[in-house]
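Trainee: after the sequence you'll find the predicted model.
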Amino acid sequence: MVNIDLYTLAIVQSLMSIVQMVVLFIQYRLNKTYAGLGWWAAGSAALSLGFGVAILWKIPIIGKIAMIASVAMVASGMALLYVGVLRFFGQREPRGWLIVFCTLITVIGVYFTVIDDRIEIRRLIVSVVVAAMSLLLARGLFIYRIRSLSVPIYFLIVMSLSNAIFYGIRTLETLRFGVPVDGAFRSTPTETALYLIALIITTLWTFGLIILVNQRLSTELEQRATTDELTGIANRRHFLELAQNEIQHALRFNRPLALALIDIDRFKQINDTYGHAVGDQALLVWTHLCQNNIRQIDVFARFGGDEFVVLLPETMHEQAYDVVEQVRSALIAEPMNLGGQTVRMTISSGIASLASDVDTLDTLLERADRALYRAKEAGRNCVVAEHAASTK
């Protein structure tokens, strides 16, 4: 292996840490919506200082201060990265425990620099701290992971475990061989390889964080574009896309399909009587009730205001009628208690089913809308499936 000067590698690692800190800070400034980014930038800054001041250990006047600062900054930097991970996933960090941890590591660093100057002990401290905190980072990422962000999260877990392994090996090397008397930056094949690995891992870790933030932003933007903000179900635009695919599938394979338009009766009166806050709560309760009475394969969406739509694949005309009637009956049977107010809500619905090869989503919606109109003409609180109506 080429004999690379470790002092030079340490400088390169410090400079790379500064670059990573700047990148994370820019990411934080661009995406203040997410908690944790500022903590990552602060942690990277602390690690940059920790690696940076370590190269000053030979200077007589500030050498000891640099060593103490290096130990303290590395411990603080890893703790801040851990806080950032927890905050990013909406968790609270054990602040008291982390403060005690960083303080204890700093005190130990002071003792083995000022009172008993032991370079091998300082190296052990840094190696054990980084290895342990890397394992803690991996654990936090795994426990609080979000399914939609699994790829960058598992990438970061691998990087954290790799970092833990690297510093674990460094710990064993120090225990076995100690530290050369001519200083901490003596180049050996093992030490050179370990420094290079550390440089690669920290760089990839920063890339992983950036990918994680960007994927979360992309996922949330997509979710906002396809779901109703209040109820969390599909919005009109997303429903039309999904329904078009389902209808094409049903026509291609000659499978049954039904569509139900559902309108909440006199919903404006609920808002006027109890206020919009209670009206919003009523919509949430209604949405939950409807979801509990339909299948996972059914497409449930808010079409706008107090109008909803359900697409029922693999469902015959009569079966769709039974499903919507069950929802209507369940709504009547359970008056809503919202904010101390008893709110009674009913629905009217019109159902249309796929009848021929010339049917389209527009024709289904048009027929369901005509059936809904007949339900309202019949006095509301009923279900009309084409030409058959329920009783109140």
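Mentor: Structure's in. What do you need? Residues are numbered from 1 along each chain as shown.

Trainee: my guess is Glu246 contacts Leu259. True?
Mentor: No - the criterion here is C-beta atoms under 8 Å, and Glu246 misses it with Leu259 at 9.5 Å. Heads up, the C-betas are built off the backbone N, CA and C, glycines and all.

Trainee: common neighbours of those two, please.
Mentor: Leu311 (C-beta atoms under 8 Å, 6 or more residues apart in numbering).

Trainee: can you list the buried residues in stretch 131-148?
Mentor: Under the neighbour-count criterion of 16 or more other C-beta atoms under 10 Å, stretch 131-148 has Ala131, Met133, Ser134, Leu135, Leu136, Leu137, Ala138, Gly140, Leu141, Arg145 buried.

Trainee: just the element for Ile262, please.
Mentor: Using DSSP states H and E, Ile262 maps to strand 257-264.

Trainee: now the element after that strand, going C-ward?
Mentor: As assigned by DSSP H and E, the chain's next helix or strand after strand 257-264 is helix 267-274.

Trainee: got the contact list for that following helix?
Mentor: Val278, Gly279, Ala282, Gly305, Asp306, Leu338, Gly339, Gln341, Val343, Met345.

Trainee: could you do stretch 141-152 as well?
Mentor: If you take C-beta under 8 Å, 6+ apart as the criterion, stretch 141-152 is touched by 85-86, 89-91, 153-154, 156-157, 160, 208, 211-212, 215-216, 219.

Trainee: tell me the one among those nearest to Phe51.
Mentor: Nearest to Phe51, judged by C-beta to C-beta, of the contacts of stretch 141-152 is Ser160 at 18.0 Å.

Trainee: from Thr202, how far out is the closest one?
Mentor: From Ser160 over to Thr202 the distance is 11 Å, taken as C-beta to C-beta, to the nearest Å.

Trainee: out of those two, which sits in the more crowded spot?
Mentor: Neighbours around Ser160 and Thr202, counted as other C-beta atoms under 10 Å, are more numerous at Ser160. The numbers are 25 against 19.

Trainee: pull the number of nearby residues for Lys376.
Mentor: Neighbours around Lys376, by other C-beta under 10 Å: 15.

Trainee: apologies, that question was intended for Phe207.
Mentor: Phe207, neighbours per other C-beta under 10 Å, totals 15.

Trainee: what does Val12 give?
Mentor: The burial count for Val12: 15, using other C-beta under 10 Å.

Trainee: mind telling me what element the residue lying closest to it once chain neighbours are set aside is part of?
Mentor: The shortest distance from Val12 to any residue other than its chain neighbours is 6.7 Å, reached at Leu199 (C-beta to C-beta, 6 or more residues apart in numbering). Using DSSP H and E, Leu199 sits in helix 189-226.

Trainee: which strands and helices lie in contact with that helix?
Mentor: helix 6-30, helix 37-54, helix 150-177, helix 236-252 (3 or more C-beta pairs under 8 Å, 6 or more residues apart in numbering; DSSP states H and E).

Trainee: run the chain-centre distance for stretch 258-276.
Mentor: 33 Å (C-alpha atoms, centre = their mean, to the nearest Å).

Trainee: check what pLDDT the residue most central in space within the chain gets.
Mentor: The centroid of the chain falls nearest to Ile146 when counting by C-alpha atoms, centre = their mean (4.7 Å). pLDDT, Ile146: 87.

Trainee: give me the mean pLDDT for the helix holding Leu199.
Mentor: 80.

Trainee: where in the stretch 51-200 of the chain is pLDDT low?
Mentor: Filtered on pLDDT under 70, the stretch 51-200 of the chain yields the residue ranges 55, 57-58, 60, 177-191, 194.

Trainee: rerun at 90
Mentor: The stretch 51-200 of the chain contains residues with pLDDT under 90 at 51-71, 74, 90, 92-96, 109, 112-127, 145-150, 163, 166-167, 169-200.

Trainee: send the alpha carbons of stretch 285-296 over as PDB?
Mentor: C-alpha atoms of stretch 285-296 as PDB (Å, rounded to 0.1, in the frame of the first residue of the first chain):
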ATOM      1  CA  VAL A 285     -65.800  11.100  11.600                       C
ATOM      2  CA  TRP A 286     -67.900  10.400   8.400                       C
ATOM      3  CA  THR A 287     -64.700   9.600   6.500                       C
ATOM      4  CA  HIS A 288     -63.600   7.100   9.100                       C
ATOM      5  CA  LEU A 289     -67.000   5.500   9.300                       C
ATOM      6  CA  CYS A 290     -67.100   5.000   5.500                       C
ATOM      7  CA  GLN A 291     -63.600   3.600   5.400                       C
ATOM      8  CA  ASN A 292     -64.600   1.000   8.000                       C
ATOM      9  CA  ASN A 293     -67.400  -0.200   5.800                       C
ATOM     10  CA  ILE A 294     -65.700  -0.500   2.400                       C
ATOM     11  CA  ARG A 295     -62.900  -2.700   1.200                       C
ATOM     12  CA  GLN A 296     -59.200  -1.800   0.800                       C
END
